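> Attaching a predicted model along with its sequence, questions to come.
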Amino acid sequence: MPRHTAPQAPGWGVPQGVIASSGIVTPDSTTHLVEWDGKIATLQTGATSHPPAWAAVLVDGTQLAKACSAGWVRPLEAATNCGLPGGHEDVALAWDRSRLPGQPGWAAFWSVARHPGRRGLHFGARGTLEIALLADGVGPDDVYNQLSTPAGVDRAFRKLDVLRPYIVWWRTPDDAARIMQQSGALMTSAPVSEITSISAHVKAGAATSIFVAETDQMIRTPLFWAVPSTVSDNDARQTLERLHIQSPHLEDVPDSLNDTHTHALTISDTFWLANGDALEQRFRTWFGSDTP
């Protein structure tokens, strides 16, 4: 008689690049992690499918708010946003050390005349507009004051106009990793987990260039664990117990980079929930009909 093996229990969804970088801090090394691409459509499908794609999934605040209001994830007792704290994901400026020995900042990222070469940026308004203003000399504490005004938004898009001919766009963390693996840009914004993973591959001889992170003025996104709506009551209860007791979280900046010079601009989910749809539409209008 053929043997029938029980289906594997759903894993815990984490952003791309996290597994290779060993970024999840948890006392339970047996937790089965699976990566997801950060797209809203993927979140909706994975959280509402039968069986669910994940026992729990790590999302940002804007994704969590949308999933909570749509009923894709379970409401939690004593929590108004359906989520429990899950650490943070950092996007940093990464540069090809084989072609640029010095350490650049966001202003140098825009200086194509001084540092010729392609630049990688995320295709979307969120995070990209913040970087544009940082490159234009706006202090981290003033970025959202600027973006809350029409003049500040215009300023960010004018800054993107300057760099646009040189930009290689990425949509997912895996796209950003591919840019680095293929030496497709001199500098790029990228999740720190992907930068760490690429650096590990280089040491093993799997890539031709090495990208390192500039941790000053990183873009930091708070993350939250959410439990898909199709997880059974019993499984949800067990998952929440593990989350409360073990507090697994993403800590993607390695100790070697996490020194006194590390600074981060924390993404404002409040701002993006209020303004995200309009700014993302303007970004697509600015870019035009052809998408990268």
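Right, received. Where do you want to start? Numbering: from 1, shown residues only.
> Can you list the low-confidence ranges for this structure?
Along the chain, segments meeting pLDDT under 70 span 1-8, 78-80, 199-209, 254-262, 290.
> If we use 50, what do you get?
4-6, 260 (pLDDT under 50).
> Longest strand in it, by number of residues?
The longest strand of the chain (DSSP state E) is strand 211-226.
> how about that one: buried residues?
For strand 211-226, burial by neighbour count (16 or more other CB atoms under 10 Å) applies to 211-215, 217-226. The way it works is simple: take the backbone N, C-alpha and C, and place the C-beta from them, glycine included.
> May I ask you to confirm that V153 belongs to a helix?
Yes - using DSSP: H, G, I helix; E, B strand; the rest coil, the assignment for V153 is a helix.
> was I right about it contacting F283?
No - look at V153 against F283 with CB atoms under 8 Å: they stay out of range, at 10.2 Å.
> shared neighbours, those two?
Here V153 and F283 share the contacting residues L129, scored by CB atoms under 8 Å, 6 or more residues apart in numbering.
> hmm, back to that, what's the most distant pair in the buried residues of strand 211-226?
Farthest-apart pair in the buried residues of strand 211-226 is V212 and A226; separation 32.6 Å (CB to CB).
> and the gap between S268 and H115?
Between S268 and H115 the distance, using CB to CB, to the nearest Å, works out to 30 Å.
> Sheet partners, orientation included, of the longest strand of the chain?
strand 54-60 (antiparallel), strand 84-96 (antiparallel), strand 264-266 (parallel) (DSSP bridges).
> hey, which of these is tucked in deepest?
strand 54-60 (a mean of 27; mean count of other CB atoms under 10 Å).
> distance between that strand and the chain's centre?
14 Å (CA atoms, centre = their mean, to the nearest Å).
> who's in contact with the following helix or strand past that strand?
Using DSSP states H and E, the next helix or strand after strand 54-60 towards the C-terminus is helix 61-70. Identification of contacts with helix 61-70 by CB under 8 Å, 6+ apart yields 38, 40, 43-44, 47, 59, 72-73, 75, 81-83, 126, 221-222, 224, 226, 267, 269, 272-273, 276.
> Narrow those to those in strands?
Per DSSP E, the subset of these in strands is V59, T221, P222, F224, A226.
> Most widely separated two among these?
Across the ones in strands among the contacts of helix 61-70, the longest distance by CB to CB is 14.7 Å; it joins T221 and A226.
> Flag every buried residue along the biggest helix by length in the chain.
Longest helix in the chain, counting residues (DSSP state H): helix 269-287. Within helix 269-287, the residues scored as buried using 16+ other CB under 10 Å are D269, F271, W272, N275, G276, L279, F283.
> Residues in contact with it: which ones?
Contacts of helix 269-287 (CB under 8 Å, 6+ apart): 60-62, 65, 123-126, 128-129, 144, 147-148, 153, 157, 160, 222, 291.
> Now a PyMOL select for only the buried ones of those.
Remark: buried members of these, expressed as a PyMOL selection using 16+ other CB under 10 Å:
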select buried, resi 60+61+62+65+123+124+125+126+128+129+144+147+153+157+160+222
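> any idea how far the following helix or strand past the longest strand of the chain is from the chain center?
For strand 211-226, the following helix or strand on the C-terminal side (DSSP H and E) is helix 233-246. Centroid separation for helix 233-246 versus its chain: 25 Å, with CA atoms, centre = their mean.
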